[in-house]
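**Q** model this:
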Amino acid sequence: MMKRRSIAAALFALAAVFIYEQPAMAATCESLASLTLPNTKITSAQTVSGGSFTAPGTTNPMGNLPAFCRVMATLTPSSDSDIRMELWLPMEGWNQKFQGVGNGGWAGSITYGALATALRRGYATASTDTGHQAPVTSAEWALGHPEKVVDYAWRSEHEMTVQSKAILKAFYGMAQKYSYWTGCSGGGKQGLAEAQRFPDDYDGIVSGASAYDLVPLHAAWIRLAQVAHKTEASYIPPEKYSLIHNAVLEACDAADGAKDGLLENPLKCKFDPKVLACKGADGPNCLTGPQVDAAIAIWSPTKNSKTQKVIMPPLLAGSENAWGTLAGPLTDNQPASRESSVAINTYKYWIFKDAKWDYKSLNYDKDLAFAYKADNGLNATNDPNLKPFFARKGKLLMYHGWADQIVPPQHSIEYVAAVQKKTGAAAADSLRLFMVPGMEHCGGGVGPNQFDYVTAMEQWVEQGKAPTEMIATHMTAGKADRTRPLCAYPQQAKYKGSGSIDEAANFSCVAQ
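**A** Next up, the predicted model:
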C-alpha cells in the first residue's frame, strides 16, 4: 500500500512540473473597473462567456475562445494622449504568462485577432490602438499632435505593457512568470522598439518582417509607385506577374538542389528581365521596353542619385506575384493599395504636413534629408545596441519572408548584422533570424508560411533551448500539402537528394 502511495505521489509531483498551479483570483473581473493606476482610466471590466466573440466593427465572430475578463482602458501619459487598450484575462487555465501583440500600418484600432490567438493559448494578452482612432492607412490625425505621434512610435506599447501587468497582478493576485511580445510588420517594429527602449518589459520578443525604419522604408514604397507609373507605358499589368515569376523560377529554382517552385536564397538569383523583351508588338508573353525597365527598377535599391548611397534594399526575385501591392494600379490618379496609402500619408501629414502633397514629387536627394530631420529618429527603431536587453537574458526571434513584397527581406538581415557587430557574443546567445522561402509579407505566398514561433520562443526563454530550425507548413483548402524546415540564418534548407520535396524530413539545415 505504501509503495502504491509513493508511486502515486511521484506521478503527481511529475505532473506538477508540467501543469502550472492555478492562482486563486484576488479580485473579480468587474471589480477591476475601480482599480486606480497612474495615467489610466479603466472604462470597462466585464466577464465574457466562453465560445465566440464578435469584435467591434466586425460581423464575423471569433470562435473557440475560453471565458475571459475583458478589460478596456484609456491611457494618458501626456496631456494629448488618448491611448485605448484592451487586456483579456483567462478566467481559467491561465498559463501565468503575458503576451503583448502588435499592430500594422498607422494602426488606429485594437488587434482583436491576435488577442484571440494568444487567449486560446492561455495567455493574458493586451493590444492598443497606439493612441488614435482612425483607418490603418491614415496619418491625418498627426497634424498638430506631436505627442500622439510619440504614442504611436513607442509610448503606447510600453504604457500598455506596464498597466497590463499591474491589472493582471490585481486580478490573479500574482505577477506573470514570463512576458512575450509578438508582432509583424508594424508590430515587428514595435517589438524592436520595446527591446531597444524598455529592455525590462519582455523576456522574449518575436519580430516579423519588421518595418523598423519608417522614413526610408515609406520612401521606397512611394518610389515603386513612381516607377510603375513613370509613364503610361511603364506599368506592368498584373496578368504579366506570373510571366516574370515563372521565368525567374526557370532561371534560379534548381540552384538550391530542389526544383520546387521556391528560392531558398533569392540573393543568389541572377535574372535579367530583358530575356522577356517583346520581339515585336506587345503581347501577354513578353515585356515591352518600358516594362523591362520598370522590372529592373523594382529589383533595384532605392538610392540617393548623387551619392549612390542605398536608402533601402530592393524587393527580391520571387516576389513578382505580389508586385501589385506597391506597383499596382491607380485609383483617381493615386496608388490604390493599402501600403501605398500608408506611405503617402506619412509624407503628407507627418513629414510635409501638407494634405495637397503629391507622391510623384518625392525627391530622394533633397526630400529625404528633410524627412529625416522632420521625424528626428522618432519612428526609427534601428538602434543595434541591444546589450541591456540581452544582459537580462532577453531573447529576440526575427523572421522574414524571402518573397516579401512590402518590406525588403534584406532589411532584417542588415539589422541583425548591425546587432551582431554591436553586441558580439551576446547576439549568438540571444538573437535568431529565420528567412522563409516563398513567403510574402507576414504570411501568404507559395511557400510554407505557417510556423509556431511562440512555442520556439517559450522553449528558448523558459528552457534555454535556442531554436535552430522551425517546421513550416503550407496549407491548401485547409489541408497541409508541404512542410519545410526553416533554418536559423545564414543556414538554409537543402534537399537530401531523395524522398518527396514536400516533406520537411527530406531537407536539412546547412551553411550557405
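**Q** where do the helices of the stretch 301-450 of the chain begin and end?
**A** Remark: helices assigned in the stretch 301-450 of the chain by DSSP state H, counting those that start in this stretch are 324-327, 338-345, 367-375, 387-391, 409-423, 425-430.
**Q** of these, which is nearest Ala142?
**A** helix 338-345 (8.5 Å; Cβ to Cβ). For the C-beta atoms, the positions are set from N, CA and C on the backbone; glycine is no exception.
**Q** wait, a strand at Leu486?
**A** Yes: if the criterion is DSSP: H, G, I helix; E, B strand; the rest coil, then Leu486 is within a strand.
**Q** and His391, what is it in contact with?
**A** For the record, residue 391 is Ala, not His. Ala391 is in contact with 199, 426, counting by Cβ atoms under 8 Å, 6 or more residues apart in numbering.
**Q** could you identify the helix or strand that succeeds the helix or strand of the chain with the lowest mean pLDDT?
**A** None of the helices or strands of the chain scores lower by mean pLDDT, DSSP states H and E than helix 2-18, at a mean of 40. Under the assignment DSSP states H and E, the closest C-terminal helix or strand after helix 2-18 is strand 40-48.
**Q** check which helices and strands the next helix or strand after that following strand sits against.
**A** Note on strand 40-48: by DSSP H and E, the next helix or strand toward the C-terminus is strand 51-53. Judged by 3 or more Cβ pairs under 8 Å, 6 or more residues apart in numbering; DSSP states H and E, the packing partners of strand 51-53 are strand 62-65.
**Q** which strands and helices sit next to the strand it packs on?
**A** Contacts defined by 3+ Cβ pairs under 8 Å, 6+ apart place strand 62-65 against strand 51-53, helix 112-120.
**Q** just send those back as TSV, with mean pLDDT too.
**A** Below are the helices and strands packed on strand 62-65 laid out as TSV (pLDDT from 0 to 100):
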stretch	mean pLDDT
strand 51-53	95
helix 112-120	98
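**Q** for the ones you listed, which one sits closest to Arg392?
**A** Across those, Arg392 has its closest neighbour in helix 112-120 (22.7 Å, Cβ to Cβ).
**Q** quick check: angle from the closest one to strand 40-48?
**A** 60 degrees (axes from the mean of the first three to the mean of the last three Cα atoms, to 10 degrees).
**Q** and helix 112-120, what does it pack onto?
**A** Packing contacts for helix 112-120, counted by 3+ Cβ pairs under 8 Å, 6+ apart, involve strand 62-65, strand 83-90, strand 97-101, strand 124-128, strand 178-184.
**Q** kindly recompute the last result at 6 Å.
**A** Using 3 or more Cβ pairs under 6 Å, 6 or more residues apart in numbering; DSSP states H and E, the elements in contact with helix 112-120 are strand 124-128.
**Q** so for the strand it packs on, what's the average pLDDT?
**A** Per-residue pLDDT over strand 124-128 has a mean of 98.
**Q** centre of the chain versus the following helix or strand past that strand, how much separation?
**A** As assigned by DSSP H and E, the chain's next helix or strand after strand 124-128 is helix 146-150. Remark: helix 146-150 is offset 22 Å from the chain centroid, using Cα atoms, centre = their mean, to the nearest Å.
**Q** quick one: average confidence on helix 146-150?
**A** Mean per-residue pLDDT for helix 146-150: 98.
**Q** equivalent analysis for stretch 428-443, please.
**A** Rounded mean pLDDT across stretch 428-443 is 98.
**Q** now render the helices of the stretch 301-450 of the chain as JSON lines, adding distance to Ala504.
**A** Listed next are the helices of the stretch 301-450 of the chain as JSON lines, based on distance: least, Cβ to Cβ, whole Å:
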{"stretch": "helix 324-327", "distance to Ala504": "29"}
{"stretch": "helix 338-345", "distance to Ala504": "31"}
{"stretch": "helix 367-375", "distance to Ala504": "42"}
{"stretch": "helix 387-391", "distance to Ala504": "30"}
{"stretch": "helix 409-423", "distance to Ala504": "21"}
{"stretch": "helix 425-430", "distance to Ala504": "25"}
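**Q** neighbours of Val206, how many?
**A** Around Val206 there are 25 other residues, counting by other Cβ atoms under 10 Å.
**Q** use 286 as the first number from now on
**A** All right, first residue 286 from here; so that's Val491.
**Q** who's the nearest residue to it once chain neighbours are set aside bridged to?
**A** Excluding the flanking residues, the one nearest Val491 by Cβ to Cβ, 6 or more residues apart in numbering is Thr467, at 4.5 Å. Judged by DSSP bridges, the bridge partners of Thr467 are Val386, Val491.
**Q** number of nearby residues for Thr467?
**A** Neighbour count of Thr467, defined by other Cβ under 10 Å: 26.
**Q** look up how far Gly603 lies from it.
**A** Counting by Cβ to Cβ, to the nearest Å, the separation of Thr467 from Gly603 is 25 Å.
**Q** what's the spacing between Asp668 and Val704?
**A** Note on Asp668: its distance to Val704, by Cβ to Cβ, is 9 Å.
**Q** who has more neighbours out of those two?
**A** Shown here are Asp668 and Val704; by other Cβ under 10 Å, Val704 has more neighbours (27 against 17).
**Q** list the contacts for that one?
**A** Contacts here follow Cβ atoms under 6 Å, 6 or more residues apart in numbering; on that basis Val704 touches 669, 671, 712, 716.
**Q** related to what we said a few turns ago, what's the pLDDT at the residue nearest to Val491?
**A** 98.
**Q** who wins for proximity to Ala496 among the helices of the stretch 586-735 of the chain?
**A** helix 694-708 (8.1 Å).
**Q** C-alpha coordinates for the closest one, PDB please?
**A** The C-alpha trace of helix 694-708 is given here as PDB (Å, rounded to 0.1, in the frame of the first residue of the first chain):
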ATOM      1  CA  PRO A 694      14.000  41.000 -46.800                       C
ATOM      2  CA  GLN A 695      17.500  42.400 -46.600                       C
ATOM      3  CA  HIS A 696      16.100  45.000 -44.200                       C
ATOM      4  CA  SER A 697      16.000  42.300 -41.400                       C
ATOM      5  CA  ILE A 698      19.300  40.800 -42.500                       C
ATOM      6  CA  GLU A 699      21.000  44.200 -42.200                       C
ATOM      7  CA  TYR A 700      19.600  44.900 -38.800                       C
ATOM      8  CA  VAL A 701      20.700  41.500 -37.500                       C
ATOM      9  CA  ALA A 702      24.200  42.100 -38.800                       C
ATOM     10  CA  ALA A 703      24.300  45.500 -37.100                       C
ATOM     11  CA  VAL A 704      23.200  44.000 -33.800                       C
ATOM     12  CA  GLN A 705      25.800  41.200 -34.100                       C
ATOM     13  CA  LYS A 706      28.500  43.800 -34.700                       C
ATOM     14  CA  LYS A 707      27.500  45.900 -31.800                       C
ATOM     15  CA  THR A 708      26.800  43.200 -29.200                       C
END
